[in-house]
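# 3D model of this:
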Amino acid sequence: MELSLIIDQMADAIREINTNSTPARRLVGGGVVVDSRLRLLMVYSDFAYQGWHFPKGGLDEGENSLQAAIREVNEESGGVKAKNFSGNIKFELQPGRVYREPIGFGSSRAEAEEGEDAEKISLGAYHLLVEAAKEARIDLDELHQHRYAIFDALVEREVPVSWVTVPTYHLLCYESGKAMPTAETQAVEWQPATAIRDMRPPGKGSGKPRLGGATRTLLDWPKFMELVEAAKAEAKEAV
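Down below sits the predicted model:
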């Protein structure tokens, strides 16, 4: 089958799924990073009304939630490297809000290593392509072979998709690196857990606290502070 015809059928299938099916699932990995002074790493973003939140982002092809959490911590913090707490603590949250955006699922392609081409898409986007291929009765081997070209064409067409985040956060320990704002985050700070609920938008000390919903859920998690305190012993002091 010609690639242009496959793309047309995939676009139609996604629109059908978007209308008649449950939202696509976007698996998300996040990191609650603690340092040796019992401070937690917080990032701020206006995008999608996230406010102050623990670093997180969608899984890419071939990633699990822990790998995504460590990568997203580094990307959203501007350079913080973290490792998994030996207790292997993870927080599996209920599905979040439903969003409706082009098929990019937050980014058109996973960021490539320096000097390499980006040859990955988000895991959520790939799962949606598979679902659409089944709907359109397109051979899955053919889809897999052309998935990047198909994905890029659908992004260019701005094919909308309803999706819902399914987050898993991991308890991580600070290893090295300095935190600084990035293209994704307007501010990055280390804060004591007791101060997080009162964090206001950057530069607005008199404004209302602005925390992401997942952050509030995690702060209310049973024994959250006990778990964070246990991880403190394996962390270094953040710079």
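
# need the contact list for residue 61.
If a contact means CB atoms under 8 Å, 6 or more residues apart in numbering, then residue 61 has 110, 120, 121, 122, 123, 126 as its contacts. C-betas here are computed from N, CA, C, even on glycine.

# now residue 21
residue 131.

# which residue ranges form the strands in the chain?
24-34, 39-45, 51-53, 56-58, 81-84, 90-92, 98-102, 160-176, 187-192 (DSSP state E).

# now the angle between strand 24-34 and the helix or strand of the chain with the lowest mean pLDDT, please.
Among the helical and strand segments of the chain, the one scoring lowest on mean pLDDT, DSSP states H and E is strand 98-102, with a mean of 86. Angle of strand 98-102 versus strand 24-34, following axes from the mean of the first three to the mean of the last three CA atoms, to 10 degrees, is 110 degrees.

# Quick check: which helices or strands does strand 98-102 pack against?
When contacts are defined as 3 or more CB pairs under 8 Å, 6 or more residues apart in numbering; DSSP states H and E, strand 98-102 sits against strand 160-176.

# show me where the chain has helices.
3-20, 65-77, 123-136, 140-156, 193-196, 213-219, 224-232 (DSSP state H).

# Mean pLDDT and distance to residue 163 for the ones you listed - can I get that in a markdown table?
Below are these laid out as a markdown table (pLDDT from 0 to 100; distance: least, CB to CB, whole Å):
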| stretch | mean pLDDT | distance to residue 163 |
| --- | --- | --- |
| helix 3-20 | 94 | 9 |
| helix 65-77 | 97 | 16 |
| helix 123-136 | 94 | 6 |
| helix 140-156 | 94 | 14 |
| helix 193-196 | 93 | 27 |
| helix 213-219 | 95 | 16 |
| helix 224-232 | 97 | 28 |
